[in-house]
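K.L.:
Have a look at this prediction, sequence included:
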Amino acid sequence: MKNLKTLITNSFSIIMGILIYIFLSQNFFTYSANISGTTTEDARKGYQLIKQLFEGGDATPTSTAMVVGLFIISILAGLVIICSIYNLLKNFNVIKVKNEKLDKIISIMNMVFGVLIAIFAIVSISCTYAYLKNGLDMSIAKTAAETLTAAGMPNITADLVLNNLMTNFEANIAWSNITNLILCILLAISNILTFVFDKRR
C-alpha cells in the first residue's frame with residue numbers, strides 16, 4: 001500500500017459517487033396546487049427529471065438547464081467512481097503503472113470530474129429553484145388545460161387556468177436535492193485532496 005491518505009480519499013469518493021446515484025432516485029422537488037377545487041400534489045425524482053431530457057418535457061431554459069445538469073452529474077459520478085477504483089487498485093499494487101503520463105492524466109481527470117460535478121450540482125439546484133418560482137406553474141396549468149378540454153370544457157387555455165382557476169400553488173426543493181448538492185461538493189473536495197496527495201508522493 002503506497003499512500004494511506006489517497007486510500008481514504010479515493011474510498012470516500014467512491015462512496016460519495018454511489019450515494020449520488022442513490023439520492024437521484026429520491027424526490028428533487030414537490031409541488032401542490034388547487035385547480036377548480038381539486039388539489040393536485042406530486043413530486044419529481046432525479047431520474048424522472050433526467051428522463052424528461054429525452055422525452056421533451058418543459059422547454060423553458062431553467063428546466064432544460066436543470067435536467068441537463070442532472071444528466072451530466074450522473075455521467076460524471078460514474079467516471080469519478082471508475083477513476084477512484086483505478087487509483088485504489090494502483091494503491092494496492094494490483095495495477096502496475098508503467099506509463100507515468102497516463103497515471104498523471106487520470107489523476108488530473110479525476111480532480112476535474114470532481115470539480116465539474118460540484119459546479120453542475122450548483123447550477124442544477126439553482127435552476128431548480130428558478131423553475132419552481134417561474135415555470136412549473138405554467139407546466140401544471142398546461143396539463144390541467146388539456147385535461148379540462150378533454151373532459152368537454154371549451155376555451156380552456158393554460159393562461160386561463162394559471163390566472164383564474166389555479167390557487168394555492170406551492171413548490172419546494174426536496175431534501176434529497178440539497179443532500180445531493182452537499183455530496184457533490186464533498187466529492188469535489190475529496191478528489192482535489194487525492195490529487196494533492198498524489199502530487200506530494
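P.N.:
Ah, there it is.
K.L.:
For Phe29, what are phi and psi?
P.N.:
phi -160, psi 160 (degrees, to the nearest 10).
K.L.:
Assign Ser170 to helix, strand or coil.
P.N.:
Actually, residue 170 is Glu rather than Ser. strand (DSSP: H, G, I helix; E, B strand; the rest coil).
K.L.:
Report the contact partners of the residue nearest the centre of the chain.
P.N.:
Taking C-alpha atoms, centre = their mean, the centroid of the chain lies closest to Leu70, which sits 3.2 Å from it. With contact set as C-beta atoms under 8 Å, 6 or more residues apart in numbering, Leu70 has these partners: 24, 28, 46, 49-50, 124. No exception for glycine: its C-beta is placed from N, CA and C like everyone else's.
K.L.:
Which ones among those map onto helices?
P.N.:
Using DSSP state H, the members of the contacts of Leu70 that fall in helices are 46, 49-50, 124.
K.L.:
Would you convert these into JSON lines that also reports distance to Asp137 and pLDDT?
P.N.:
Shown next, in JSON lines, are those (distance: C-beta to C-beta, whole Å; pLDDT from 0 to 100):
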{"residue": "Gly46", "distance to Asp137": "21", "pLDDT": "93"}
{"residue": "Leu49", "distance to Asp137": "17", "pLDDT": "91"}
{"residue": "Ile50", "distance to Asp137": "22", "pLDDT": "92"}
{"residue": "Ser124", "distance to Asp137": "20", "pLDDT": "95"}
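K.L.:
so can I have JSON lines of the residues you listed showing distance to Met109 and neighbour count?
P.N.:
Output for the ones in helices among the contacts of Leu70, formatted as JSON lines (distance: C-beta to C-beta, whole Å; neighbours: other C-beta atoms under 10 Å):
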{"residue": "Gly46", "distance to Met109": "24", "neighbour count": "27"}
{"residue": "Leu49", "distance to Met109": "27", "neighbour count": "24"}
{"residue": "Ile50", "distance to Met109": "23", "neighbour count": "20"}
{"residue": "Ser124", "distance to Met109": "21", "neighbour count": "26"}
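K.L.:
coming back round to it: got the phi/psi numbers for the residue nearest to the centre of the chain?
P.N.:
According to degrees, to the nearest 10, Leu70 has phi -70, psi -40.
K.L.:
That one and Leu102: what is the separation?
P.N.:
Applying C-beta to C-beta, to the nearest Å, the value for Leu70 to Leu102 is 31 Å.
K.L.:
same deal with Thr147?
P.N.:
The gap separating Thr147 from Leu102 is 57 Å, by C-beta to C-beta.
K.L.:
These two: which is more packed in?
P.N.:
Using other C-beta atoms under 10 Å as the criterion, Thr147 and Leu102 rank with Thr147 on top: 15 against 10.
K.L.:
The contacts of Leu70 into a markdown table, with extra columns for distance to Leu116?
P.N.:
Below are the contacts of Leu70 laid out as a markdown table (distance: C-beta to C-beta, whole Å):
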| residue | distance to Leu116 |
| --- | --- |
| Leu24 | 17 |
| Phe28 | 19 |
| Gly46 | 17 |
| Leu49 | 19 |
| Ile50 | 17 |
| Ser124 | 12 |
